[in-house]
Each structure stands twice: as structure tokens, then as C-alpha cells.
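Undergrad: Any chance you can model this:
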Amino acid sequence: MRLLTTSLMFGAAMLLGAQALAQTAPAPAPTQPPSGGTPEQMPFATPYGTSITADRAAKVVAAVLAEAGKHPTWRFAITVVDVSGELVYFYRMDGTQFGSISISQGKARTAARFRRESRAFYNAFETGHEYVHTLDPGLVASPGGFPLIEAGKIIGAVGCSGGTGDQDATVCKAGADTIK
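TA: Numbers count the residues shown, from 1 in each chain. Below you'll find the model as predicted:
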């Protein structure tokens with residue numbers, strides 16, 4: 001008798017449990033984190049133009065050097081690249097740390113290939129968007145890389161390294177501003 005009672009209680013519990021599960025609402029689908037929204041206009045869509053020449057790149061570097069000259073202790077590596085991010089012109093001031101050579105090249109390449117100032121990636125990292133490091137192994141997320149825009153088209157980019165990010169950006173922007 002005891003076995004029959006236990007079996008009946010077990011069966012009733014199973015039946016009630018199955019009905020309760022059948023009445024449970026499905027879990028809501030997980031939501032995806034925002035990834036920049038869905039703007040009507042494509043951001044950073046400045047078209048590419050004809051690549052900068054070595055002569056014009058030298059003038060960009062001259063403007064960077066003039067700005068750096070206003071601060072006697074500042075030393076920079078300066079890189080100008082074409083629209084695909086490949087080297088057109090490079091200059092390293094005497095006394096610049098050697099690590100800044102590849103960093104300036106990376107900043108210029110980042111600005112050209114992604115059509116935006118390299119600071120945009122720095123800002124993304126700083127606000128918790130760590131996915132940025134997965135975009136390109138050569139991406140440099142640091143201030144001091146600017147696209148060179150002439151007549152609404154990117155003709156190359158300039159990158160500077162050797163100081164703080166803001167020092168790099170200050171001198172580099174002086175070079176970028178020579179292109180109209």
C-alpha cells in the first residue's frame with residue numbers, strides 16, 4: 001500500500017510539474033549591445049582621391065617641424081602615407097625615441113585606411129569598446145594620426161609620435177592643415 005501511495009504521489013507531482021512547465025513563458029531573446037546605431041549616412045565615408053606626392057608630403061612634414069620647433073624639447077618621428085597607408089615620406093628628428101618610428105607609421109596608416117583621425121580609436125578604447133583591437137593588427141589607437149583631405153577626398157595621411165598623445169596630435173594637425 002505504501003508503494004502504491006508513493007507511486008501515485010510521484011505521478012501526480014510529475015503531471016503537475018509538466019503542466020507548470022508548459023505554462024511558463026519562453027525566455028526573451030538576448031539583446032545585442034549597441035554598435036554605433038543605424039545612421040542614414042555612412043560615417044567616415046570620405047572618398048579616396050589621387051595619392052599625395054613626395055614633394056607635397058615634404059611640405060606637410062615641414063609644417064610639422066615648424067610647429068614642433070615652437071617647443072624646443074619636443075622630438076618626433078613623422079610619417080606621410082598614401083591613400084592605401086603605404087609610406088611616401090618619413091622624417092625622424094634628432095633625439096626622437098626609436099619606438100616612435102613604427103608608431104608614427106601606424107598612426108598614419110590607421111588614419112588613411114580607416115578614413116578618420118587615429119584618436120577616434122583611442123576614444124573607443126577609453127569608453128570600453130575593446131573590440132577595436134580586433135579590427136586590424138596594425139591599427140594604432142592613439143592621438144596623432146590625421147587623414148589628409150584635399151577637395152573633399154583623402155589623398156593620404158600623416159602620423160606623428162614622440163611625445164604625449166596630445167603633443168603628437170598638436171604638431172601633426174599643423175601638417176594636416178596645410179592640405180586644403
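
Undergrad: Could you count how many residues lie near residue 64?
TA: 27 (other Cβ atoms under 10 Å). Bear in mind the C-beta positions are built from the backbone N, C-alpha and C, glycine included.

Undergrad: Nearest residue to it in space, please, no chain neighbours.
TA: Of all residues not flanking residue 64 in the chain, residue 175 sits nearest, at 4.0 Å (Cβ to Cβ, 6 or more residues apart in numbering).

Undergrad: Look at that neighbour and tell me its secondary structure.
TA: helix (DSSP: H, G, I helix; E, B strand; the rest coil).

Undergrad: which residues does the residue sitting nearest the centre point of the chain contact?
TA: Nearest residue to the geometric centre of the chain (Cα atoms, centre = their mean): residue 121, 2.8 Å. Counting by Cβ atoms under 8 Å, 6 or more residues apart in numbering, residue 121 makes contact with 110, 114, 132, 139-142.

Undergrad: That one should be in a helix, yeah?
TA: Yes: the assignment for residue 121 (three-state DSSP) places it in a helix.

Undergrad: about what we covered before: in this structure the residue nearest to residue 64 contacts residue 68, no?
TA: No: if you go by Cβ atoms under 8 Å, residue 175 and residue 68 don't touch, sitting 9.8 Å apart.

Undergrad: Mind giving me the packing neighbours of the longest strand along the chain?
TA: Of all the segments of type strand in the chain, defined by DSSP state E, the longest one is strand 153-161. Other helices and strands packing on strand 153-161, by 3 or more Cβ pairs under 8 Å, 6 or more residues apart in numbering; DSSP states H and E, are helix 54-69, strand 77-81, helix 99-113, strand 145-150, helix 165-176.

Undergrad: what packs against the last one?
TA: Packing contacts for helix 165-176, counted by 3+ Cβ pairs under 8 Å, 6+ apart, involve helix 54-69, strand 77-81, helix 119-126, strand 145-150, strand 153-161.

Undergrad: Mind putting the ones you listed into a markdown table with distance to residue 87?
TA: Formatted as a markdown table, the helices and strands packed on helix 165-176 follow (distance: least, Cβ to Cβ, whole Å):
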| stretch | distance to residue 87 |
| --- | --- |
| helix 54-69 | 10 |
| strand 77-81 | 6 |
| helix 119-126 | 20 |
| strand 145-150 | 14 |
| strand 153-161 | 10 |
